Structure formats: C-alpha cells, structure tokens
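>>> this one's structure only:
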C-alpha cells in the first residue's frame, strides 16, 4: 500500500486553481483513475458547453444529443440552466455576480461528471466570455467543447417559447440578455450551430461528428 502522503499529494486531472475557504481540509484520492472509468464506459469524456441566447435552441439540442448518445450506448447527462436553478443554484439570481457563480458551480459539477467518465452537455446562456473562460479552466481545455448556438436574435425572439422577450421589451424583466444586458459571443468556438437554419437532427449530427474520436 502506498504511503499516506502519496494519497494527500494526488489530485484530479484538473484540480481547482483557487484555494478553498478552509485550511483544515486535505484532498483524499481514490483508487480508480479517470482513465479506468473512461475505459469502462468506452468513451473519452468531455463537456459540450452550449452557449447562446434565450430561445436559441440550447435545451432542445442538449436533450436530443443526450438521447442520441444514450442510444449509442454512451453515458451522457444534461445540465440545463433552468433545471439547475430549481435545486443546486436556487439561491442565485441574474446579477452579473450571480451569473458568474452559476457558471462556476456548473463547471465544477461538469468536471466531476467528466472525472466519472460521463459525457456532459450543458445548456446555459453563459453570456460573458470571462465566465466561459473560467469554465474551460475548471473543466480542462482538453475536455471543454465550446459550442455557440448562434441562432439570430430575431429567430429567438420569434420563437420566444417562455414569453421572456415580450416581457423584457415591456420592461418587466431587468437585465435580459440580448435586450437589456449584453451577450458576448464566442470569438473562436469549437463549433457554431444555427438552429434557425439546421434541424435538430442536423445540429446533433454536427456535434456527434466532433465527438467521434472520443467514442470507442
């Protein structure tokens, strides 16, 4: 059995870059590696980070992609913006600071899921480049697949599945991305998908093509 100090020195493949609030904790390493889990699940895990305006089709695309991966015997899980705010992030609002914390927490969860060997699909507006850069740093650049769902705002607003654009236009929602708050589009995403031009099936196919080298 290895000496105890070796366990204390062991880390996940991409440890946190910031110190925890408490100094009275130590890292406890397991005896199963991320590579072991990846081999078991026959996939090299990644996080497909879907970013785009409200109504762009992120959630629809995320759940369709999850279904396609599961049908191909590849374990996947969706972290959806609205769903997460019902539980883990129910204490957060939509201020700039809360949006940043929302993304930080999701990135930490995605990283743990990836360490478990799971393909993660996130569906978050995530409007700020600095927050997406932090997510990439937490998850690891080799696992982070930034996918800009670049559906034009007029298409998103025409869909308006939640009636949010109408409310924002009438001043009933403050800080609404694309109307009264900015959206900083990715400058060099790994993928761009316009769901106003492509069907759901075509959009999923593009992501699957990107993931093929990771699927054993």
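Alright, I've got the coordinates. Only a predicted model underlies this, so the values are computations on that prediction, with no experimental measurement involved.
>>> hey, let's count contacts and neighbours off CA atoms from now on
Noted.
>>> in the chain, which residue is closest to the centre?
Closest residue to the average C-alpha location of the chain: residue 122 at 3.1 Å, with CA atoms, centre = their mean.
>>> looking at this, that residue is in a strand?
Yes: the assignment for residue 122 is a strand, going by DSSP: H, G, I helix; E, B strand; the rest coil.
>>> Can you name the residues bridging to it?
residue 49, residue 79 (DSSP bridges).
>>> residues contacting residue 193?
147-151, 203 (CA atoms under 8 Å, 6 or more residues apart in numbering).
>>> Relative to residue 63, which of those residues is nearest.
For the contacts of residue 193, the residue nearest residue 63 by CA to CA is residue 203; the value is 11.9 Å.
>>> Okay, and the closest one sits in which element?
When elements are assigned from DSSP states H and E, residue 203 belongs to helix 200-211.
>>> for the record, mean pLDDT for that helix?
Mean per-residue pLDDT for helix 200-211: 98.
>>> tell me which residues in that helix are buried?
Going by neighbour count (16 or more other CA atoms under 10 Å), the buried part of helix 200-211 is 200, 203-204, 207-208, 211.
>>> likewise stretch 35-51?
Of the residues in stretch 35-51, 35, 37-38, 41-51 count as buried by neighbour count, 16+ other CA under 10 Å.
>>> The residues you listed in helices, which ones?
The helices in this structure, assigned by DSSP state H, contain 35, 37-38, 41 from these.
>>> mind giving me CSV with these and columns for distance to residue 126?
Formatted as CSV, these follow (distance: CA to CA, whole Å):
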residue, distance to residue 126
35, 29
37, 29
38, 28
41, 29
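>>> got the phi/psi numbers for residue 25?
Residue 25 adopts backbone torsions of phi -130, psi 150, taken as degrees, to the nearest 10.
>>> What is the burial count for it?
Residue 25 sits with 8 neighbouring residues when counted by other CA atoms under 10 Å.
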